[in-house]
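*Asks:* sequence plus the predicted model coming up.
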Amino acid sequence: MMLSLFTRTKSFRDPWVGHRQLNTRLHLHRRRIQLAERLCQWRQWLRPAASKGLPKGVLDQLARDGCCAIEQFLPNGDFDCLSEDVERLVTCKTREQPWSTNQNEGFQPKQPFRGGFDRFDGGTLNRFLHIDPSTMPRLAELSRDPRLQELSRQVVGVRMDPRKLDVYLTVHGEENCTPDLQKVLHRDTYFRALKFWYFLRPVEEQDGPFEYVLGSHRLSRLRLRWEQQTATAAITHQQEPDVSGSFRIQEQHLAALDLPRPVRFTCPANTLILADVFGFHRRGDAQPGRERLAIYGWNRPYPFLPLTW
């Protein structure tokens, strides 16, 4: 149905989103982006973010760069207690549900188990564990942190949904056999969306730190043209993964969009890294078997939502 144009649908296999004539003649993809951007700006104007306990300049940095890192996000005592809870949960679930491996290329389907699920990106394991407020009250309290609400407003114009949090364990695989597509620069969708990782262990170079192209979230003339060109190519050639709507870009092509090289966010434990994933980002290269442990949150609102709350 034509109504899919007014939803979060991004796949160009959709007959309307991927309509060849509407995209080649009327630049449909570009127009969807522009409308979503205007409505996001409207939501932000209706109820702008306020610095409720955030370090000075963080909201400005997020608006300018599209990404920020906040160290010492929780007081040491609170962090230690929360970290112990999460490590205990991860150990318990690993005992109940040992890790498996994957030899197939590309994004793999979810493998549910009690309390969470596994999903592979090539050889990289992503283990998501659901948060039960009755047994993990400290984590439930984190999900209601007013600072997360304000950071979310800054990016997408709406507050965080406390239910959109999970414990997230990443175990890097062997790239030579089953490459991880998340390690190629990409943007997630055609409108502004939020992701954050609150790291409970240090992230060093060998752990595959998050990488972000600063300023790539801004909707410039060059970016709009690139978006429509990439959409047209995806519709024409039906090649993965661009046809799914999560566009990839090679690092050497960033200069043509007047963008810098990506920044690698190594960090100590107790660091929040938050990003507008309309900007280009990737999971950094890592040694096989290295792990990252974080509380993961996301907010991908309906792009054509005119109101906030």
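*Replies:* Great, that's in hand.
*Asks:* okay, CA-based contacts and neighbour counts for the rest of this
*Replies:* Will do.
*Asks:* could you find the closest non-adjacent residue to residue 287?
*Replies:* Excluding its sequence neighbours, the residue lying closest to residue 287 (C-alpha to C-alpha, 6 or more residues apart in numbering) is residue 206, at 5.5 Å.
*Asks:* try residue 243
*Replies:* Nearest one to residue 243, counting by C-alpha to C-alpha, 6+ apart, is residue 234 at 4.8 Å.
*Asks:* can you show me the strands along the stretch 201-309 of the chain?
*Replies:* 210-212, 263-265, 271-276, 281-283, 291-299 (DSSP state E, counting those that start in this stretch).
*Asks:* what about the helices in the protein?
*Replies:* 20-26, 28-46, 58-65, 76-96, 137-143, 146-156, 221-237 (DSSP state H).
*Asks:* helices or strands next to the last one in the packing?
*Replies:* Right, the one you point to is helix 221-237. Here helix 221-237 touches helix 20-26, helix 28-46, going by 3 or more C-alpha pairs under 8 Å, 6 or more residues apart in numbering; DSSP states H and E.
*Asks:* could you do the third one as well?
*Replies:* Contacts of helix 58-65 with other secondary structure elements, assessed using 3+ C-alpha pairs under 8 Å, 6+ apart, are made with strand 67-71, helix 146-156.
*Asks:* quick one, the longest one and helix 58-65 angle?
*Replies:* Read it as helix 146-156. Counting by axes from the mean of the first three to the mean of the last three C-alpha atoms, to 10 degrees, helix 146-156 lies at 30 degrees to helix 58-65.
*Asks:* right, and residue 160 touches residue 147 too?
*Replies:* No: with contact defined as C-alpha atoms under 8 Å, residue 160 does not reach residue 147; the gap is 9.9 Å.
*Asks:* between the two, which one's more packed in?
*Replies:* residue 160 (26 against 20; other C-alpha atoms under 10 Å).
*Asks:* roughly how far does the more buried one sit from residue 118?
*Replies:* Separation of residue 160 from residue 118 (C-alpha to C-alpha, to the nearest Å): 24 Å.
*Asks:* contacting residues for residue 170?
*Replies:* 124-127, 291-293 (C-alpha atoms under 8 Å, 6 or more residues apart in numbering).
*Asks:* kindly present those as a markdown table, with separate columns for distance to residue 133, pLDDT and neighbour count.
*Replies:* Converted to a markdown table, the contacts of residue 170 look like this (distance: C-alpha to C-alpha, whole Å; pLDDT from 0 to 100; neighbours: other C-alpha atoms under 10 Å):
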| residue | distance to residue 133 | pLDDT | neighbour count |
| --- | --- | --- | --- |
| 124 | 28 | 96 | 26 |
| 125 | 25 | 96 | 23 |
| 126 | 22 | 97 | 19 |
| 127 | 19 | 98 | 25 |
| 291 | 25 | 97 | 20 |
| 292 | 23 | 98 | 19 |
| 293 | 19 | 98 | 23 |
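*Asks:* can you lay out these as JSON lines showing distance to residue 20?
*Replies:* Below are these laid out as JSON lines (distance: C-alpha to C-alpha, whole Å):
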{"residue": "124", "distance to residue 20": "35"}
{"residue": "125", "distance to residue 20": "36"}
{"residue": "126", "distance to residue 20": "35"}
{"residue": "127", "distance to residue 20": "38"}
{"residue": "291", "distance to residue 20": "42"}
{"residue": "292", "distance to residue 20": "41"}
{"residue": "293", "distance to residue 20": "42"}
